[in-house]
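[1] Test case, fold it:
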Amino acid sequence: MWTINEALDSVARQRKSDIAIVDGAQRIRYDELRRRVKHTAAWLQAQGIGKGDKVALHGRNSAAWVIAYYAILDIGAVAVPVNHKLAAPETAYILEHSESRLWLVDADLHRQLDGAPPAFALSPAGNEAGLPLMAPEGGAHPYRPVGVEADDLAELLYTSGTTGRPKGCMHSHANVILAGTG
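    Numbering: from 1, shown residues only. Predicted coordinates:
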């Protein structure tokens, strides 16, 4: 069984010049997506993120979100997607409960939250808050490949919490791939 990033690599090898992401006027080919993912993965490693660490990903659908998601998984870390519609107390709960070590967030969604991990803006767009940018251009960091297996934890998804506090549902790489092919 593959990991999520092995599946992406396979498609990227076969279709490297095809468009992988459309984000408004922005078009990103598979070869460019892989380059950006590796650059961002190296940046995450430079921030001290490693295998098994949780990284909160709090933004709307965007190329930056997709790149960050794949970069998190590429280094064996765990993506903790946070719904962009949540109120500050719900976001704070997920950040704390998940034990996220880093918070990648659309700048307009960022709020000062007690106990929140270091926050970085997913993209420069709308960053009036002046958050440090994720993977700043020109910041060359060496990428160190990490052994990631299909049964490694890939995502920690939080339930709605209709009968109590939201709970984190663990999904391995294999779970995610099987759900997407079923």
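[2] The closest residue to Val82 other than its chain neighbours: what's it in contact with?
    Counting by CB to CB, 6 or more residues apart in numbering, Val82 lies nearest to His58, which is 3.9 Å off, once chain neighbours are set aside. C-betas here are computed from N, CA, C, even on glycine. By CB atoms under 8 Å, 6 or more residues apart in numbering, the contact list for His58 reads Pro81, Val82, His84, Thr91, Trp103, Leu104, Val105, Asp106, Leu109.
[3] per-residue confidence at the second one?
    For Val82, the pLDDT comes out at 97.
[4] again, but for the fifth one
    Predicted confidence (pLDDT) at Trp103: the value is 97.
[5] shaky segments in this structure?
    Low-confidence segments of the chain, defined by pLDDT under 70: 129, 135-139, 161, 182.
[6] Do you have the helices of it handy? List them.
    4-14, 30-46, 63-74, 88-97, 173-181 (DSSP state H).
[7] quick revisit: columns distance to Ala46 and neighbour count on top of the contacts of His58, output as CSV?
    Below are the contacts of His58 laid out as CSV (distance: CB to CB, whole Å; neighbours: other CB atoms under 10 Å):
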residue, distance to Ala46, neighbour count
Pro81, 23, 16
Val82, 23, 22
His84, 26, 15
Thr91, 25, 22
Trp103, 16, 22
Leu104, 14, 31
Val105, 19, 25
Asp106, 22, 20
Leu109, 24, 21
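[8] Straight-line length of stretch 14-27, end to end?
    Counting by CA to CA, to the nearest Å, you get 18 Å between the two ends of stretch 14-27.
[9] Apologies, that question was intended for stretch 53-72.
    Start-to-end, stretch 53-72 (CA to CA) is 9 Å.
[10] hmm, who's touching stretch 24-38?
    Under CB under 8 Å, 6+ apart, the answer for stretch 24-38 is 5, 8-9, 11-12, 15-21, 63, 66-67, 70-71, 74, 135, 143.
[11] Which positions in that stretch come out as buried?
    Neighbour-count burial for stretch 24-38 flags Ile28, Arg29, Tyr30, Glu32, Leu33, Arg34, Arg36, Val37, Lys38 (criterion: 16 or more other CB atoms under 10 Å).
[12] In the beta-sheet assignment, what are the partners of the second one?
    Spelled out, it's Arg29. Note on Arg29: beta-bridge partners by DSSP bridges are Ile19.
[13] Just flag the most distant two among the buried residues of stretch 24-38.
    Arg29 and Lys38 (14.5 Å; CB to CB).
[14] From Ile4, how far out is Ile19?
    20 Å (CB to CB, to the nearest Å).
[15] do the same with Ala119
    Distance, Ala119 to Ile4, using CB to CB: 25 Å.
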